[in-house]
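J.: okay, predicted coordinates and the sequence, questions at the end:
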Protein chains: 2
Amino acid sequence: MGKKPLVKDQIREKQDELTAAERRLTATLLDDSLVAGLQSITKLAESAEVSTPTIIRLARKLGYQGFPDLQDAIREEIAAQMKEPLAKLETAELSAGKDHIISRFAEAVSRNINRSLERLDLEEFDKAAALLSDLNRRLYLLGGRITRSNAHYFFNHLQIIRPGVTQLDFSPSVWPQSLLDMDENSTLIVFDIRRYEKELERLAKLVVDQGANIVLFTDQWGSPIERYATFCFRSMVEVPSSWDSTLAINFLIEALVAEIQSRSDSADRIAALEDMIGESRIFRSN
Amino acid sequence: MGKKPLVKDQIREKQDELTAAERRLTATLLDDSLVAGLQSITKLAESAEVSTPTIIRLARKLGYQGFPDLQDAIREEIAAQMKEPLAKLETAELSAGKDHIISRFAEAVSRNINRSLERLDLEEFDKAAALLSDLNRRLYLLGGRITRSNAHYFFNHLQIIRPGVTQLDFSPSVWPQSLLDMDENSTLIVFDIRRYEKELERLAKLVVDQGANIVLFTDQWGSPIERYATFCFRSMVEVPSSWDSTLAINFLIEALVAEIQSRSDSADRIAALEDMIGESRIFRSN
DNA sequence: AGTATTCTGTAGATATTATTACAGTACGAT
DNA sequence: ATCGTACTGTAATAATATCTACAGAATACT
C-alpha cells in the first residue's frame, strides 16, 4: 500500500485545474482545515455556495469515488492531526500571515515538540527527576556554545530549589577544579547539540570515569556523549532558520523543574530566598 | 445564548450513569478525540461494537436531539480545536500518562503559545525585526532574575549574526558604564516578567531619557516598563508549576533570530566565526 | 455574432442513514 | 425460582443524503 497523499495537498496541487465553483468550495474547505468537509454534502454545498454535484465532481477530480470516500480521507487526516499533541499552525494565521516566519516557525516547533514527546519515555523522565531531586547528590551543569543558555536556565531554577548545584564555567580551562569534586555522588547535566563539541565529550568521559552520572540533553541525532549518559533526552531541533531551536529542550527543562520542585519540598527554601531578595532590593532601591 | 459545554466534558461528567454498551461507545469516542463520532452512525456503531440505537440513546442522554445534533456539536468542537495553532495535548498521552506532569505541562504550554501568537501583531514583529537588524544601531540586552537566561540566549545568537551587541551585566552596579553609551542610536532589549524588578524599570526610564529605544518582552499582565517601550511583546507564562514558563518568550526570540538572520546577510560573518571556532578547537584539542 | 466547449445547477432516482417500536436478554431482588 | 427492571439489539420505517441525467448559463474561439 502506497502512502496516501494529504487531501489538503491534493487540493493545493490541483488548484490550477479547478473551476470557479470548485475553487469556492476548496476555499471553504481549506479555510476550515477541511473540517467543513465532514458535514453532509448538502450542508457543505450551502456553506460553500455551490451545488452538490460540484462537490462530487471535485471529489472525483481528486481521485475519490464519491463524496463519502473523500469524507473518509478527510476524517482520517483530521484524526491524525488531532492525535498530535501540538497540531500544525498552517491555517491559523489567516490572510497575510500564511508564509510569515512566525507561521512557519510555529509549525516546525509544533512538530519538534510533538516528536520529542512521542519519543519521551515517561518512566525515564520520572527516574531522571528522582535522580536530580536526590539531595545527597551534587549537581553540575554544563552546556555548549549555544546550549549554555539552556544550562544556565536550568541552573538558575535548580539552584533555588535545592542546594549543591554548580554551574561549570563555559571555558574548559577552569573545569579541572570542579572536576576534582565529581565522584559517584555527583550528577553532571550536560547539553550537547550539533555541532557536538569535543571538549564536552572529553569532560563527559573523565566525569564518568570518576563514577559520576550524566544526564544528557541532545538533539534528534544524538551527541557522542550518549554512550556515557545514564539518562538521555533527545529533542528535535530543526526549524526554518539558520539556527537550531532549543524549544523542545526547554520544554523538558521546565517540566523537570516543575517535577523536581514538587518532589523536593522547597517551600522554606524559596521563602527564605524571597526574603533575601526583598531585603537586598530595599537595600538597593533609593 | 449560554456557552455550550464541551462534548468531551459532558461525556466524562455523565460517565457514571452510563451503561456498559454506552461506555464502550464513549471509550471509542474519547480514544479518538471524538473524531470517530463524525462517521455515519452505522460505521460508528460497528467500530464501537454497539448497535445504532445505543448511539442515539447516548446522544439523548447527553442532551442532544439525535445523532446528527450530537455530530454537529462534535464537529464544531473539532473545528475550534483545529483553529488553535497548537492544539491541546490531553488525549495524546494515552495509557498511564494522563495526569503526568509532561501531559499537563504540554497542555499549558500549548495554550500559552497559542494565546501569545493570537495576540501577536505580525506587523509589529516585522518592525521590531527591522529595528534589530539595523546595523547602525547598537543593541543592549538585559534580563531579570529568571529571564537573564533568555536574554543570554538572544544575545548569544545576535552577537554572531551582527556587530554592536552588548549584554548588560546582571548586577546593576556595573550598568552605569554601558548606560553612558546608550543614545538615540541604541536599542535596549529587556526582559521583565513577574515579579517585575524595580531596577529594570529605573534603568528603562534612564535609557529612554537618553533617547534610546526599548524592545520589551514581558508576561501577559505586562511589566511597568511597557510605558517606555517602543515594541512590547506579551507572552503567556502560566504553567502547572511553581515557576513561570518562558517558552512562549523563547519562541519569539527564536523566531526573531531567524528573521533578523535572514535580513542581515550574515553568511560571511558566520563563516568567519566558524573558521575561528574550528581553529581554536584544533588549538585546544591535542 | 455565432458556435463549440466547458461549467454549473435543478430535479428526480437511488442509496444510505437515522430513528422508532418492539422483543429478547441479563441481572438483581424478593 | 420468579418477577421486575433495565439494558441491548433486530428489524421495519421515516428521513436524509448521495448521485445521475439533463438542460441552462457562461466562456472561449472562430
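T.: All right, it came through fine. Residues are numbered from 1 along each chain as shown, chains lettered A, B, ... in the order given.
J.: buried ones in stretch A:54-68?
T.: A:54, A:55, A:56, A:57, A:58, A:59, A:62, A:64, A:67 (16 or more other CB atoms under 10 Å in any protein chain shown). For every residue, glycine as well, the C-beta is placed using N, CA and C.
J.: please apply the same query to stretch A:162-181.
T.: So for stretch A:162-181, counting by 16+ other CB under 10 Å, buried means A:162, A:164, A:165, A:166, A:167, A:168, A:172, A:175, A:178, A:179.
J.: before we move on, what about stretch A:46-54?
T.: A:48, A:50, A:54.
J.: and the last one, what is it in contact with?
T.: Contacts for residue A:54 (CB atoms under 8 Å, 6 or more residues apart in numbering or on different chains) come out as A:21, A:22, A:25, A:45.
J.: now, which of the buried residues of stretch A:54-68 lie within helices?
T.: In helices, judged by DSSP state H, the following of the buried residues of stretch A:54-68 are found: A:54, A:55, A:56, A:57, A:58, A:59, A:67.
J.: with residue A:243 as the reference, measure out to the most centrally placed residue in chain A.
T.: In chain A, the C-alpha nearest the mean C-alpha coordinate belongs to residue A:113, at 2.3 Å (CA atoms, centre = their mean). Distance, residue A:113 to residue A:243, using CB to CB, to the nearest Å: 17 Å.
J.: residues in chain A within reach of DNA strand D, list them.
T.: For chain A, the residues in contact with DNA strand D (CB under 7 Å from any atom of the strand) are A:40-43, A:52-53, A:56, A:59, A:65-69, A:71.
J.: nearest to DNA strand D: which residue in the stretch 151-286 of chain A?
T.: Relative to DNA strand D, the nearest point of the stretch 151-286 of chain A is residue A:240 (37.5 Å; CB to the nearest atom of the strand).
J.: element containing the nearest residue to that residue once chain neighbours are set aside?
T.: With CB to CB, 6 or more residues apart in numbering or on different chains as the criterion, residue A:240 has its nearest non-adjacent residue at 4.8 Å, and that residue is residue A:104. Per DSSP states H and E: residue A:104 is located in helix A:101-119.
J.: which helices and strands sit right next to that helix?
T.: strand A:231-235, helix A:247-263, helix B:101-119, helix B:247-263 (3 or more CB pairs under 8 Å, 6 or more residues apart in numbering or on different chains; DSSP states H and E).
J.: next structured bit after the longest one?
T.: Put plainly, it is helix B:101-119. helix B:122-133.
J.: that next one near chain A anywhere?
T.: Yes: applying CB under 8 Å from any CB of the partner chain, one finds helix B:122-133 touching chain A at B:122, B:125.
J.: tell me the mean pLDDT over that helix?
T.: What helix B:122-133 shows for mean pLDDT is 95.
J.: list the buried ones in that helix?
T.: B:122, B:125, B:128, B:129, B:131, B:132, B:133.
J.: got the contact list for the last one?
T.: Going by CB under 8 Å, 6+ apart, residue B:133 touches B:162, B:259, B:260, B:263, B:264.
J.: number of nearby residues for the last one?
T.: It stands for residue B:264. 18 (other CB atoms under 10 Å in any protein chain shown).
J.: if I look at it, how far off is residue B:187?
T.: The separation that residue B:264 has from residue B:187, given CB to CB, amounts to 14 Å.
J.: give me the number of residues near the closest residue to DNA strand C within chain A?
T.: For chain A, the residue closest to DNA strand C is residue A:19, as judged by CB to the nearest atom of the strand, at 2.8 Å. Neighbour count for residue A:19, taken as other CB under 10 Å: 13.
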